[in-house]
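K.L.:
Sequence plus predicted model, see below.
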Amino acid sequence: MIIQKSSNPRIATFDPDNFSFGNTFIDHMVICEYENGKWGDVKIVPYGAIGFTPAMMGVNYGQACFEGMKAYKDKEGQIFLFRPEKNFQRINKSAKRLAIPEIPENVFMEGLKTLVDIDRDWIPHGEGKSLYIRPVVFATEEALKARISEKYMFAIVATPAKSYYTAPVSVKISDHYSRAANGGVGAAKAAGNYAASFYPTQLAIEEGYEQIIWTDDCSHEYFEESGTMNVFVRINDTIYTPKTSDKILDGVTRDSFIQLAKHRGIEVVIDDVKVADVVAAQKNGTLKEVWGVGTAVVTSIFEALGYNGEHLELPKLASGESFAEQLKTDLVNIQTNQAEDPFGWRVLVEEQVYSV
Ligand code: COI
């Protein structure tokens, strides 16, 4: 590993009580380049721009995928990653689907842990605070033939994160657009999946909704995901979530919610979730909750579903009655070392001294 420390660190100017998520970047980043059939040295370098031209294949053909994960600081100042092996496995699953060469485990894990350790002072401590980490891999060859690139860059950048109160939102059940197709790239965290969602989401926002519940591309009769998240439905006291497939992202938060719900003794059904069943449950009063889960916001609770021009309200549950809230609390307590971790999900980031 090559470590080049920033000669002009910005950490002294960072206010952990007043920062903007997503565009405040920590002092360093990981980079590793692939060419001639192999990955080179893993480098920690000062965060900043890297020169590429508009002929870069990654921007022309979208051969790019990423991950989202977080590091947490407990009250003693210890740093923990949450299930990082899941993100490592998934970036390679995405990479394989996009014909990007596999990222070696040491490139991902050593780069990740060293970056988080070197910039540990950037990780805010406190309720809802964390470091959002973005591993990304993209094609860098300058070539305009539509084919697999021969050059890539793997990088990790990170931004401090905080929880912001997210009021329950109204979401539109899609009756036209879809985010994935059978045999497509829905299960990959492909950059292009997000680009393709922006226009339909903008239309939904213009109609007064904040997100789309994505339905299957063939019939629009089945729930798939919600916004950039996996989706959960509670009817009476049973939770339903679609099973993963080549159209649905195998979310780390999704998997954690399923395990935590089972741990609490809540029945979880992982199967097709039919729009008609959810609508019928809303009409007969058995639909209790619908929510999305993802790394960035953990949980987004829905107050209403828009379907075929109808506005279907969800019940306002009294405090302590929401499964979504209970499971979020269980998860965050484990992530932030405020509760036992019976699943072995936390990974301590050891503090090291680096000779540079
Ligand atoms: C996540 O929740 O991790 C996401 O994928 C959202 C991200 C695109 C900001």
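P.N.:
Yes, it's here.

K.L.:
From here on, just use CA atoms for contacts and neighbour counts.
P.N.:
Will do.

K.L.:
Dump the helix or strand Cys32 falls within to PDB, restricted to CA.
P.N.:
Assessed by DSSP states H and E, Cys32 sits inside strand 28-35. Provided in PDB are the C-alpha atoms of strand 28-35 (Å, rounded to 0.1, in the frame of the first residue of the first chain):
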ATOM      1  CA  HIS A  28      -8.000  11.300   1.500                       C
ATOM      2  CA  MET A  29      -9.300   8.700  -0.900                       C
ATOM      3  CA  VAL A  30      -8.300   5.300  -2.100                       C
ATOM      4  CA  ILE A  31      -7.300   4.700  -5.700                       C
ATOM      5  CA  CYS A  32      -6.100   1.600  -7.500                       C
ATOM      6  CA  GLU A  33      -5.700   1.200 -11.300                       C
ATOM      7  CA  TYR A  34      -6.200  -1.800 -13.500                       C
ATOM      8  CA  GLU A  35      -4.300  -2.200 -16.800                       C
END
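
K.L.:
partners of it in the sheet?
P.N.:
strand 38-39 (antiparallel), strand 43-46 (antiparallel), strand 152-161 (antiparallel) (DSSP bridges).

K.L.:
now the shortest one, how far from the centre of its chain.
P.N.:
Put plainly, it is strand 38-39. Here the centre of strand 38-39 is set off from its chain's centre by 26 Å, with C-alpha atoms, centre = their mean, to the nearest Å.

K.L.:
quick one on the thing from earlier: out of the strands paired with strand 28-35, deepest packed?
P.N.:
Of all these, strand 152-161 has the most neighbours on average by mean count of other C-alpha atoms under 10 Å, namely a mean of 23.

K.L.:
Flag the shaky bits of the chain, pLDDT-wise.
P.N.:
In the predicted model, the chain carries pLDDT under 70 at residues 164-165, 356.

K.L.:
pull the longest helix from it.
P.N.:
Using DSSP state H, we find that the single longest helix of the chain is helix 191-206.

K.L.:
which parts of this structure sit against the ligand?
P.N.:
Selection of the chain residues close to the ligand by C-alpha under 6 Å from any ligand atom yields 68, 228, 294-296.

K.L.:
Now these in CSV, please, with extra columns for secondary structure and neighbour count.
P.N.:
CSV is the format used below for the residues of the chain next to the ligand (DSSP: H, G, I helix; E, B strand; the rest coil; neighbours: other C-alpha atoms under 10 Å):
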residue, secondary structure, neighbour count
Gly68, coil, 18
Thr228, coil, 20
Gly294, strand, 20
Thr295, coil, 17
Ala296, coil, 18
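
K.L.:
how about the helices in this protein?
P.N.:
57-61, 84-97, 105-118, 191-206, 252-263, 275-284, 323-335.

K.L.:
and those helices as TSV, adding mean neighbour count?
P.N.:
Shown next, in TSV, are the helices of the chain (neighbours: other C-alpha atoms under 10 Å):
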stretch	mean neighbour count
helix 57-61	19
helix 84-97	19
helix 105-118	20
helix 191-206	15
helix 252-263	18
helix 275-284	15
helix 323-335	19
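
K.L.:
doesn't Ser7 make contact with Val45?
P.N.:
No. In this structure, Val45 is not within contact of Ser7 by C-alpha atoms under 8 Å, at 10.4 Å.

K.L.:
outside of the strand holding Cys32, which residues touch it?
P.N.:
The contact list for strand 28-35, computed with C-alpha atoms under 8 Å, 6 or more residues apart in numbering, reads 5-6, 39-47, 107, 111-112, 115, 119, 150-158.

K.L.:
Provide a list of residues in contact with Gly183.
P.N.:
246-247.

K.L.:
and what of the one 4 residues further on?
P.N.:
For Ala187, the contacting residues are 94, 244-250, taking C-alpha under 8 Å, 6+ apart as the criterion.

K.L.:
For the ligand, state which of those residues is nearest.
P.N.:
Leu249 (9.6 Å; C-alpha to the nearest ligand atom).

K.L.:
picking that back up, a markdown table for the residues of the chain next to the ligand, including distance to Gly126?
P.N.:
Formatted as a markdown table, the residues of the chain next to the ligand follow (distance: C-alpha to C-alpha, whole Å):
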| residue | distance to Gly126 |
| --- | --- |
| Gly68 | 20 |
| Thr228 | 25 |
| Gly294 | 20 |
| Thr295 | 17 |
| Ala296 | 16 |
